[in-house]
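# Let's see this in three dimensions:
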Amino acid sequence: MTALVHYSVESGVARLTLDSPHNRNAMSTALVDQLRQGLTDAAAEPGVRVVVLGHTGGTFCAGADLSEAAGRSPGDLAAARALEAAQLLRSILELPVPVIAAIDGHVRAGGMGLIGACDLVVAGTASTFALTEARIGVAPSIISLTLLPKMTARAAGRYFVTGEKFGAEEAERIGLVTVATDDVPAAVAKLTDEITKGSPQGLAASKALTTASILADFDRDAQKLAKQSAELFVSDEAREGMMAFLQKRQPNWNK
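Residues are numbered from 1 along each chain as shown. Have a look, this model is predicted:
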């Protein structure tokens, strides 16, 4: 099996690195499975106090891997996608140690949900962010569970519908990013140095205070949002939007 997520541990820091450059670290089934396994391994590793989620290439995560639609029925794929996304985000939220997203590149669509689930986010000043779901006929359904608690209401109202790109400094201003910096490794090292001073019990209990309300939203709304996501995915508009994206053309509603 090709390794799409690399795992290493040093000095109390577990590093998970997304390494699927051929599709811009898109959330394929294989990548999601390997990332969840990496989180499980980090939680079980003696001495780990923090996880750093990084990436190779110029894109942190491009969202769902739309090319996987080939050979599967739309309904089955939509349901599987929604379930995979919800389980992955919950795995990050429930991890008993903090997770830092280390971003020096671009984040799109479902990748935004990943960083919303992380406890801290460090982004290089050249990084860009966008919620592009509406442009292909769907919506940020499941990932709204991690994004809405982090972004300001005005920012969510704008970026959920415009699909426009914004930079790291704007992402920091609206609460999506913790630190926007010219030196991602140095900023991450500063945070991990501070976090690793904490005790396992202290870190787990302190993190749980910050994620409890988000997990309660998962319990209340995840099933409903997964159903919405699946229904949108199999709609005529979404099929047209995804084909237009893959074929690098304008969808019919923009002609």
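
# Name the spans of the chain whose pLDDT lies under the cut-off.
Scanning the chain for pLDDT under 70 picks out 68-77.

# ok, residue 182 touching residue 127?
No: taking contacts as Cβ atoms under 8 Å, residue 182 lies outside contact range of residue 127: 11.2 Å. In short, each C-beta sits where N, CA and C put it, glycine included.

# between those two, who's got more neighbours?
residue 127 (24 against 10; other Cβ atoms under 10 Å).

# nearest residue to that one other than its sequence neighbours?
Nearest in space to residue 127, with sequence neighbours left out and distances taken as Cβ to Cβ, 6 or more residues apart in numbering, is residue 168 at 4.6 Å.

# where does that neighbour sit relative to residue 99, distance-wise?
Residue 168 sits 18 Å away from residue 99, taking Cβ to Cβ, to the nearest Å as the criterion.

# go on, residue 142?
With the distance defined as Cβ to Cβ, residue 142 ends up 18 Å from residue 99.

# Contacts only, for residue 7.
14-16, 38, 41-42 (Cβ atoms under 8 Å, 6 or more residues apart in numbering).

# let's see 10 Å
Going by Cβ atoms under 10 Å, 6 or more residues apart in numbering, residue 7 touches 14-17, 34-35, 37-39, 41-42, 45, 51.

# got these as a markdown table, with secondary structure, distance to residue 87 and neighbour count columns?
Converted to a markdown table, those look like this (DSSP: H, G, I helix; E, B strand; the rest coil; distance: Cβ to Cβ, whole Å; neighbours: other Cβ atoms under 10 Å):
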| residue | secondary structure | distance to residue 87 | neighbour count |
| --- | --- | --- | --- |
| 14 | strand | 19 | 24 |
| 15 | strand | 22 | 20 |
| 16 | strand | 16 | 23 |
| 17 | strand | 21 | 18 |
| 34 | helix | 13 | 22 |
| 35 | helix | 11 | 22 |
| 37 | helix | 12 | 14 |
| 38 | helix | 14 | 22 |
| 39 | helix | 11 | 23 |
| 41 | helix | 16 | 15 |
| 42 | helix | 16 | 24 |
| 45 | coil | 21 | 15 |
| 51 | strand | 17 | 28 |
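
# Take the residues you listed and write them to CSV, including distance to residue 156.
Compiled in CSV, the contacts of residue 7 are given as follows (distance: Cβ to Cβ, whole Å):
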residue, distance to residue 156
14, 31
15, 30
16, 27
17, 29
34, 30
35, 25
37, 31
38, 29
39, 26
41, 33
42, 30
45, 35
51, 26
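
# So for residue 182 and residue 127, which residues contact both of them?
residue 168.

# For stretch 126-139, buried residues please.
127-133, 135-139 (16 or more other Cβ atoms under 10 Å).

# Mind picking the two most distant members of these?
127 and 137 (26.3 Å; Cβ to Cβ).

# Which strands or helices does the host helix or strand of residue 180 pack on?
Per DSSP states H and E, residue 180 falls inside strand 179-181. On a contact count with 3 or more Cβ pairs under 10 Å, 6 or more residues apart in numbering; DSSP states H and E, strand 179-181 meets strand 120-124, helix 168-173, helix 184-195.
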